[in-house]
Structure formats: C-alpha cells, structure tokens
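1. Got a predicted model here, sequence first, then my questions.
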Amino acid sequence: RDVAPERHIFPPKRARIFPVIERRVLVPAGPTLAWHRERMIIVTGVLRTQVHFDDPIFLLAFLPVLLAVYYSVSAVEGLQSRRGAFGAKGATIVLLVGSVWLLAQSRIGWLLLGSAFVTTLLAAIGEQLRSTHAVASRCALALAMTATVVMFAIARTMVPAGVFELAGVSVVACQELAFILDVHAGRASTANPVTAWLYLVQFPVLPAGPLIRFQDIDRRWRNLSDAISLGAFTYGMRRLITGLIKVIGIPATLAVPVDAIYRLPASRLSIDAAWLAAVCFSLQLYFLFSGYADMAIGIGRMLGLRYPENFHRPYLADSMREFWRRWHVTSITWLRDYFAFPMAGRDAPTLRLLPSILTGFALLGFWYGGGWTVALWAAYSSAFLAFEAVGLGARISSWPTPLRHLYVLIVALVGWVILRADSVAAAGTVLQVMAGVKGSPQLTAVRYLTPQVWLALIVAIVGAGPLIPWLSRWRVSVDALTAATVM
C-alpha cells in the first residue's frame, strides 16, 4: 500500500567500487523471495564487472573478435614458415591485450594487473641475481610473495563477501605464489616477460580456475599451430555451452530458496526446509565453480590451450578422501605440490598429518570466504580426512556402495552448511534443526519449491550424478553442429 523505503544491498563505500552497477545497488524493500532474486541479479552484476563470461557483450562481441584476431595472427605460421615465430608471439600478445582489457573494467582488476606486474618484475630480479647474489635473489622473491599477500588482503577489503570467490583474486594470488616458487626452483623463467605476465592474468581461468603451472602452459604457447584445429574449436564450444548452462541455469535459481531459508529465525525454520537449503546450496556451489571451470577449459581449447580438469563428479565419491580428490582438483594439488600439505593424499598417519591437513583446509577456505565459519569448516573437513587416515577409511571400504555414498553426501552437506552460515551460532542452529532438535514442527519446504526450483533441482541432481550414456550423446550433436556452422 505504501512505497517501501530503499535500502542498500552493500554499504555505500563498497557500492562505489563497482561503477557499472552503482545505479542498481539501490533496490526497493519487498518480499523475501523477490528481494533475493534481485540480490542475485546484483551479485551477478558485480561479478560481471570482473570477468563476465555469461554477458552477451562478452559472448557475442568480445570473444568472436578476440578469436578472429587470434586465429589470424596464429595463421601466419602456416602461411609463411619464416614468420612462424611471429605467429606464436603475436597470438600471446593478442591474448594478453584481451585479458588486460577485461581486467581493466574494474578497480579490483587494476589491482590484479598491478600485482601481476610487480610479481613479474621482482621474479625477474630474483632470477637475474640467483647465480651471483643468492641472498639478494631470495630477498627479491620473498618481497614478491609478501606483495602477493598484501594484494590479497587489500582485495578482501575491496570486494564484498559473497562475490570474492569468483573475483579472480584467489586464482591470481595462487598463480603468483606458484610462479615465484617455480622461478626460485628453476622451473619457470622471466626471459619472456609477456608470457610471464600473461600466465598470471590470462582471462579464461580467472573466475574460478583451474590453477595451471607455468611450465605446462608455456609449452602450449610455443606450439599453437599444432593445437588450433576445428576439432579443438568444436570441443571448446561444447564445454563453453555446458559451462554457461551450469552457471546461468542452476546456481541463481537454487540461491533463491537457500537465501530465503537461511534468513529465517530458528522458530520458523522447519526440518524439511533446512535440508532443502543444504541440498540446494551443495548443488549451487558445485555447479557454479564447475561451470566456470568448464567455460575456462572450453575457451582455452578454442585458443589452443589445454587446461586441466578441475572437477570429477565429486558427489559420486565413496569416501571423503576421494571427494577431495575430485573437488577443486587443481587447488588441492597446488597445496600439495607447493606447500607440502597432503590434504587428500594417502600419507601415513603421523602427528604432522592432522596439522598439515587443517592448515591446508584453512588456506582453501580463504577461497570461499573468511571468518570463524571458515575455521570451523576447515577443522570439520580435516577431522574426517584424519579419521579416515587412522582407520575409519578401512572400515568404510567394507560398507555397501550406497551406504558409502550416503556417508559422503551427509558429511559434505554438513560441511557446506557450516561454510554457508553467517556465523558459528547460525550454523549450529541450522544443524540442530536438520537433526530435529529444534525448529518449527510444521513442514514448510513446499513454499520454496516453485516450478523453477523443481526444474533446477532435477537438472542439477541428474547433472551431478553418474554420466548417463544416452544423455551424453548430445555432445556429439553439438560438436557436429558447431563444425557444420563454422564450415
């Protein structure tokens, strides 16, 4: 009846960080579900100021132009063999220019570009001094690592909670640290500063990975003519379409009931609604991160680059160790290879194992957010890995397969509840309601199961489950249609 007052989704100081969507930061206060739909649109808008893979401007303008110029420059090697070196170098410059342009659309992007430049510069100084002044070389590399940590801390204050995970900060920070350590070990070089800088800021992997090694990607840039083909393009297009379906169709829809349910007081939260929110959030998180990984792999293949897989259907695992070997694979291996945190490995149980796993999960938690809930989630997740290492895993292996899968699903869902909650107390409240200890006696989940949510849930459960052969045949059709369209 009356016009509702406007309210800020984010504080005014943070709203000014994203000038592209500043006009949309003020939204009218309305019903809970409508407010959360608008909030998801705004959050998506915040992400689009960074790397907007689902933006029509990116898909229909930026990417086609970039690919056309990229392929034209790369084709020089096939047309004139004497200018082959120019083709590979020119292609890397085109990709670097495109990545810089995308990052330059926001202030946080300028911070990442500056951090990557400082890392490249200090790594080059450390590399030059390595043979003559070992101490000075180590100081330069240590300063580079310190600059990366400072960049990460500054970015945490600039980016609102809830969008930090996909802002590219974690990917750039991880690859900067990996590059510095690889330079120190002699596995990477700054002899070509263009490729070094491009490795740190290449746009396909920025939102959510996968994390890559400099030595792996450097070989690809030197042999682009062999990797660029119609088959690679059609495969990349299919992965891009798959990622778009995952990111656009599922996470935003499932976020509506999740956000609405988590805002309820304990007296109004029912057991079925709490379980619905837990299931929806677990699928939302998986499809959001795996969708961006699919898009990165697809765009990379179209560019002649092979990025590693980042997710291997983790909800089909039959132990938590296997789950974490399937979830965010490159970040788990990054922690293992560069910081000696075993995480989901098969290390023998020792006194050092639990602290190492706990520290590794704490670092991984910085990717998803911060606060005491992350610390609790890290302790919870590392505890189950430690339990499986000291004997629980052997007992679980003797259980029937459906029971092992159920164990993994329950443990993972409880962990995501802790990570999603606004506070430790809120996490405890939701878990108590899920256990039936407290909450509303009425069943209220049906209020949130709109046709759109039902459809997203069904598609998400099928998509996260076993690969059905007759459903997977569409991939061949997409490849054939893409090839026919290009020809």
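-> Here it is on my side, so go on.
2. Going by residue numbers, what spans are strands in this structure?
-> For the chain, strands defined by DSSP state E occupy the ranges 6-8, 26-28.
3. OK, contacts around the residue nearest the centre of the chain?
-> Nearest residue to the geometric centre of the chain (C-alpha atoms, centre = their mean): A208, 2.4 Å. By C-beta atoms under 8 Å, 6 or more residues apart in numbering, A208 lies in contact with E165, L166, V171, L288, F289, Y292, A293, A296, N310. Using the backbone N, CA and C atoms, a C-beta is placed for each residue, glycine as well.
4. Could you tell me which residues make contact with the residue nearest to it when sequence neighbours are not counted?
-> Excluding the flanking residues, the one nearest A208 by C-beta to C-beta, 6 or more residues apart in numbering is Y292, at 3.9 Å. Listed by C-beta under 8 Å, 6+ apart, the contact set of Y292 reads F53, L166, P207, A208, G209, G243, V247.
5. tell me, how many neighbours does the second one end up with?
-> Residue crowding around L166 was assessed by other C-beta atoms under 10 Å; the count is 25.
6. do the same with the last one
-> Taking other C-beta under 10 Å as the neighbour definition, V247 ends up with a count of 25.
7. mind exporting stretch 238-249 as CSV, just the C-alpha atoms?
-> Only the C-alpha atoms of stretch 238-249 are listed here, as CSV (Å, rounded to 0.1, in the frame of the first residue of the first chain):
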residue,chain,number,x,y,z
ARG,A,238,30.7,-27.6,-26.3
ARG,A,239,32.4,-27.1,-23.0
LEU,A,240,31.6,-23.4,-23.1
ILE,A,241,28.0,-24.1,-23.7
THR,A,242,28.0,-26.7,-20.9
GLY,A,243,29.5,-24.2,-18.5
LEU,A,244,27.0,-21.5,-19.5
ILE,A,245,24.1,-23.8,-18.8
LYS,A,246,25.6,-24.7,-15.4
VAL,A,247,26.3,-21.1,-14.4
ILE,A,248,23.2,-19.4,-15.8
GLY,A,249,20.5,-22.0,-15.3
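8. Residues touching that stretch, excluding its own?
-> Stretch 238-249 has contacts (C-beta under 8 Å, 6+ apart) with 53-54, 59, 287-288, 290-299, 301-302, 456, 459, 463, 475, 478-479, 482.
9. what mean pLDDT does that stretch have?
-> Mean pLDDT, stretch 238-249: 88.
10. and what of stretch 207-217?
-> Per-residue scores along stretch 207-217 average to 85.
11. Next: stretch 357-365.
-> For stretch 357-365, the mean per-residue pLDDT is 78.
12. Give me the residues contacting that stretch.
-> Contacts of stretch 357-365 (C-beta under 8 Å, 6+ apart): 328, 331-332, 335, 339, 341-343, 374-375, 377-379, 381-382, 385-386, 419.
13. Go again with 6 Å.
-> Residues outside stretch 357-365 that contact it (C-beta atoms under 6 Å, 6 or more residues apart in numbering): L335, F341, M343, V374, W377, A378, S381, S382, L385.
14. Give me the subset of these lying in helices.
-> Within the contacts of stretch 357-365, residues falling in helices by DSSP state H are L335, V374, W377, A378, S381, S382, L385.
15. which residues touch the third one?
-> Under the criterion of C-beta under 6 Å, 6+ apart, the contact partners of W377 comprise G365, G415, I418, L419.
16. likewise the fourth one?
-> Neighbouring residues of A378 by C-beta under 6 Å, 6+ apart: F361, A362, G365.
17. Appreciated, that's everything.
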